[in-house]
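K.L.:
below is the sequence, then the predicted model.
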Amino acid sequence: MSGPGAHLEKLETAVDPPGPGQVLVKVNASSLNFHDNVNLMGLLPGPWPRVPMSDGAGEVVALGPDVDELHVGQRVMGAFHPGWLDGPPTPEAKRELPGDSEDGWLQQYRVAAASGLVPTPDHLTDAEAATLPCAAVTAWSALQEANIGDGDVVVTQGTGGVSLFTVQLARALGATVILTSSSDDKLKIGSGLGATHLINYRTTPQWDAEVKRLTGGRGADLIVELGGPATLAQSVHAARPGGTVAVIGVLSGFDSAPLSVAEVMLNNLRIIGITVGSVRAHRDLCALMSRAGIKPHISHVFDWEKIDEAVEVMRAGAHVGKIALTIT
């Protein structure tokens, strides 16, 4: 990817050996996120040119000095923020982001710090694993911030990767899930993944009132807010007193959102921003997915040289869940 207004060029370069604390990964898969879409438009800062894609999965093929936690032949995923190992976010922990601050995962081999890699669950293929680092960890972090468990109610918006992971993970934690979308066909897919209540926000534009009705007037414990300015006010209204609104997406733009400050205050709401999560969160997510046998919903798989076609599918909103890329 070669600069603002970016375009992709295929290059062949030598493979560097791993240094101390690093491993060499044979990359077998990546996945496309909204973040990558924006990046591929040349709108995110960072060094130019650079290899795109924040997510990747493959197999360790060489170890650098002082690597004890991984072994050759082990399947791994890259973390979205490989320098954010645990604990609360800091500017330093979030500084490193493959595809932005450095070359990303759209390449056949990549050298990475062993500490920023996560073992792939045995029940997942590399293509499935490659859908986890951004979308699944984001969903998991939102659920953990709200301490979601048995009997709680979660609302999630749309049928993209984060939202469908939220459906699957929240159900595994014992929560009831309310899913919103503009498509009845996509809502049916969400129902098959565990959503209890379905709301088409085109036929029911006051979906926040419907959430209140479905919860007996109480509201939801967590709203996974993906819409941005166009939906934030309704998300606040749909939350129960003491509930959480996890702001994850800006699908309707980056403008300021109309918001009732009084409603936030009087209902003791928590509005928290989520930008994926730590390596520890990624590992905890994988532990739950292994226990529950959760597999991601992938609607499209492309060869990595067909990334332009994959991006067109995302921009058209033709996908449900994740778009995966196989790398050979």
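P.N.:
Nice, I can see it.
K.L.:
hmm, Met53 is touching Asn37, no?
P.N.:
No. Applying C-beta atoms under 8 Å as the test, Met53 and Asn37 come out as separate, 10.9 Å apart. Every C-beta, even on glycine, is put in place using the N, C-alpha and C of the backbone.
K.L.:
so between these two, which is more surrounded?
P.N.:
With neighbours defined as other C-beta atoms under 10 Å, Met53 and Asn37 compare such that Met53 has more, 29 against 15.
K.L.:
for the chain, which helix is longest?
P.N.:
Counting by DSSP state H, the longest helix found in the chain is helix 279-292.
K.L.:
list the buried residues for that one?
P.N.:
279, 281-282, 284-286, 288-289 (16 or more other C-beta atoms under 10 Å).
K.L.:
for the residue most central in space within the chain, what are its contacts?
P.N.:
Centroid-nearest residue in the chain, with C-alpha atoms, centre = their mean: Ala135, separated by 1.2 Å. Listed by C-beta atoms under 8 Å, 6 or more residues apart in numbering, the contact set of Ala135 reads 31, 33, 160-162, 165, 322.
K.L.:
Ala239: which of the buried residues of helix 279-292 is nearest?
P.N.:
Ala281 (22.6 Å; C-beta to C-beta).
K.L.:
report the secondary structure state of Val162.
P.N.:
helix (DSSP: H, G, I helix; E, B strand; the rest coil).
K.L.:
where exactly do the strands run in the stretch 201-328 of the chain?
P.N.:
With strands called from DSSP state E, counting those that start in this stretch, the stretch 201-328 of the chain shows them at 220-225, 239-247, 270-273, 298-303, 322-326.
K.L.:
just send these back as JSON lines, with mean neighbour count too.
P.N.:
Compiled in JSON lines, the strands of the stretch 201-328 of the chain are given as follows (neighbours: other C-beta atoms under 10 Å):
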{"stretch": "strand 220-225", "mean neighbour count": "29"}
{"stretch": "strand 239-247", "mean neighbour count": "22"}
{"stretch": "strand 270-273", "mean neighbour count": "14"}
{"stretch": "strand 298-303", "mean neighbour count": "16"}
{"stretch": "strand 322-326", "mean neighbour count": "25"}
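K.L.:
Ala112: which of the ones you listed is closest?
P.N.:
strand 322-326 (17.7 Å).
K.L.:
which elements pack onto that closest one?
P.N.:
strand 22-32, helix 126-129, strand 298-303, helix 307-315 (3 or more C-beta pairs under 8 Å, 6 or more residues apart in numbering; DSSP states H and E).
K.L.:
export the ones you listed to a markdown table and tack on mean pLDDT and distance to Pro229?
P.N.:
Putting the helices and strands packed on strand 322-326 into a markdown table (pLDDT from 0 to 100; distance: least, C-beta to C-beta, whole Å) gives the following:
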| stretch | mean pLDDT | distance to Pro229 |
| --- | --- | --- |
| strand 22-32 | 98 | 24 |
| helix 126-129 | 98 | 33 |
| strand 298-303 | 98 | 27 |
| helix 307-315 | 95 | 20 |
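K.L.:
as CSV, these with distance to Leu226 would be great.
P.N.:
Listed next are the helices and strands packed on strand 322-326 as CSV, based on distance: least, C-beta to C-beta, whole Å:
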stretch, distance to Leu226
strand 22-32, 16
helix 126-129, 22
strand 298-303, 17
helix 307-315, 14
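K.L.:
what about these, which gets the closest to Val118?
P.N.:
Among these, helix 126-129 sits nearest to Val118 (C-beta to C-beta), with 8.8 Å.
K.L.:
what's the first helix or strand after that closest one?
P.N.:
Remark: after helix 126-129, the chain's next helix or strand is helix 137-145, criterion DSSP states H and E.
K.L.:
from the buried residues of helix 279-292, which is closest to Val264?
P.N.:
The closest of the buried residues of helix 279-292, once distances to Val264 are taken by C-beta to C-beta, is Ala281, at 25.9 Å.
K.L.:
for the closest one, give me its contacts.
P.N.:
With the criterion set at C-beta under 8 Å, 6+ apart, Ala281 makes contact with 137, 140-141, 144.
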